[in-house]
Every structure is written in C-alpha cells, then in structure tokens.
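Trainee: Provided below for reference: sequence and predicted model.
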Amino acid sequence: MQVKMRNLLYLATFFFITPITLATSVFALKVVSAKPTLDPLSEINGRGILTAKTISVPKYGSRVYAAVPDPLGRVAGAAVQADARTEIIRQYLEKYESPLEPYSNQIVKTADENQLDFRLLTAIAQQESNLCKKIPENSYNCWGWGVHSKGTLRFSNYTEAINTVSKGLRENYLNKGYQTPEELMKKYTPSSPGTWAAGVTQFLTEME
C-alpha cells in the first residue's frame, strides 16, 4: 500500500512540475528572441532605438599601427617586420600629389637600412620643398641637401637622392648626436628661428 501511494505521489509530482518547466522555458525563449542582437556595427541612440553605426575611415592619415611609432622627440628608428609604414607614407605622398609617391617603399626600406624614423625623409621633404614640388628643375633634390653658394646639389634621379640623403642623415647627423628635429635644425639650417623644427615635427605627427 505504501509503495503504491509513493508511486502515485511521484506521478502527480511529475505531471505538476513538467508543465510548469515547459511553460517557463517557452517564455524565456520568446523573451530572448525578441531582444535585439547588438553587433559591432550597431548602436542604440538616445531614444532607445537600435540604429546602424556609421564608421568613418579616413583616406589619409591612418592611425592604425602595425608597430608602435617612435616618440615624437626622436627621429631615429629601427626596422620592424611587416608593418603598414609603406602605406602610411604612400597615402601621405598621394594626398599632396608628390612625385615621390612611387618611391614610398624605397623611402621606408632606406630608412630601415640607416636606422632612421621611417617618416623623417618625407617630413623634411615637406618642409624643404613641399614634397618635391618646389625644387630646381631636374635636380631631384627635395631636401635642400648640399645647398651652397654655387647652388643646390643635383641628383640623377629620386632613387639616388633618397639613398644619399638617408645615408647622410645617419652619418652626419644622428651618429653625431643630432637626434630631435630641434637638434637637426642647428646643423641642417642654423639660420632658422625654429620654424624648420616646428614644421618637421608637425609633419612627423601627421604621419603617425
């Protein structure tokens, strides 16, 4: 008799609990399915409405780093494996319609070879010649390199110019303790009241 009563109790409990469990599960599923799913391209506006998020990607001046850039005060750098530096330089030169754009890869490669900040050559060219748009005809000298009383040093092409100036910056400036734009200015263009260093620093920042 006791066994029979216990079985009846189990059976009653089963039929009582099971409908409640199923009803709770169905209700929970409805609530979850009704809730909007937030994805990385969505946001909730001030009225609580889910809207598409607009992502603005600048054409130039990318600030996504594959490598941490050098501190602003220093212009020496080291080679970094497989990063986006060439594209940063290319976009910057393209923005200003510079004839140096096809040489973006060489600018970065030569900077690595001479342990320079990859932005330095471009920043000086911007300061000295508006990125090669204001230079003596057929001189390929965008950096005011080798200026003397008889005129400006001429190169056979941009490749020769990039290699010569990069190597010269390493040997005649950085190796001799001229590390910041302000220090470079003292030897590069000592007559400048400070505008040269300010300009180079600004252009370095634009290419971060």
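Mentor: Cool, the structure landed. None of these values were measured; they are calculated from a predicted model.

Trainee: assess the claim that Leu174 and Leu120 are in contact.
Mentor: No. Between Leu174 and Leu120 there is no contact under Cβ atoms under 8 Å: 9.3 Å. Placement of C-beta: from N, CA and C, glycine included.

Trainee: please identify which of these two sits among more neighbours.
Mentor: Leu120 (28 against 21; other Cβ atoms under 10 Å).

Trainee: which pLDDT value goes with the more buried one?
Mentor: Note on Leu120: pLDDT of 98.

Trainee: from Gln126, how far out is it?
Mentor: From Leu120 across to Gln126, the span is 11 Å (Cβ to Cβ, to the nearest Å).

Trainee: find residues that contact each of the two.
Mentor: Here Leu120 and Gln126 have Val200 as joint contacts, going by Cβ atoms under 8 Å, 6 or more residues apart in numbering.

Trainee: neighbouring contacts of stretch 133-153?
Mentor: Residues outside stretch 133-153 that contact it (Cβ under 8 Å, 6+ apart) are 96-100, 121, 124-125, 128-129, 131-132, 154-158, 160-161, 164-165, 168, 189.

Trainee: what's the neighbour count on the closest residue in space to Tyr140 that isn't next to it in sequence?
Mentor: Counting by Cβ to Cβ, 6 or more residues apart in numbering, Tyr140 lies nearest to Phe155, which is 4.2 Å off, once chain neighbours are set aside. Phe155 has 20 neighbours, counted by other Cβ under 10 Å.

Trainee: which residues does Phe155 contact?
Mentor: Ser139, Tyr140, Asn141, Ala161, Thr164 are the contacts of Phe155 under Cβ under 8 Å, 6+ apart.

Trainee: that's a helix at the third one, yeah?
Mentor: No. Asn141 is assigned coil when assessed by DSSP: H, G, I helix; E, B strand; the rest coil, not a helix.

Trainee: buried residues of stretch 182-202, list them for me.
Mentor: For stretch 182-202, a neighbour-count test (16 or more other Cβ atoms under 10 Å) marks Glu183, Leu184, Met185, Tyr188, Trp196, Ala197, Gly199, Val200, Thr201 as buried.

Trainee: whichever strand or helix holds the last one packs against which elements?
Mentor: What that stands for is Thr201. Applying DSSP states H and E as the criterion places Thr201 in helix 195-206. Using 3 or more Cβ pairs under 8 Å, 6 or more residues apart in numbering; DSSP states H and E as the contact criterion, the neighbours of helix 195-206 among helices and strands are helix 120-129, helix 181-188.

Trainee: in a markdown table: those, plus distance to Ser104.
Mentor: Conversion of those to a markdown table gives the following (distance: least, Cβ to Cβ, whole Å):
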| stretch | distance to Ser104 |
| --- | --- |
| helix 120-129 | 9 |
| helix 181-188 | 22 |
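
Trainee: what are the buried residues along stretch 102-120?
Mentor: For stretch 102-120, a neighbour-count test (16+ other Cβ under 10 Å) marks 103-104, 106-112, 114, 116-120 as buried.

Trainee: same thing with stretch 92-102?
Mentor: Tyr92, Leu93, Tyr96, Ser98, Leu100, Glu101.

Trainee: hmm, the fifth one is touching Gln126, no?
Mentor: No. Under the criterion of Cβ under 8 Å, Leu100 is not in contact with Gln126, lying 10.0 Å apart.
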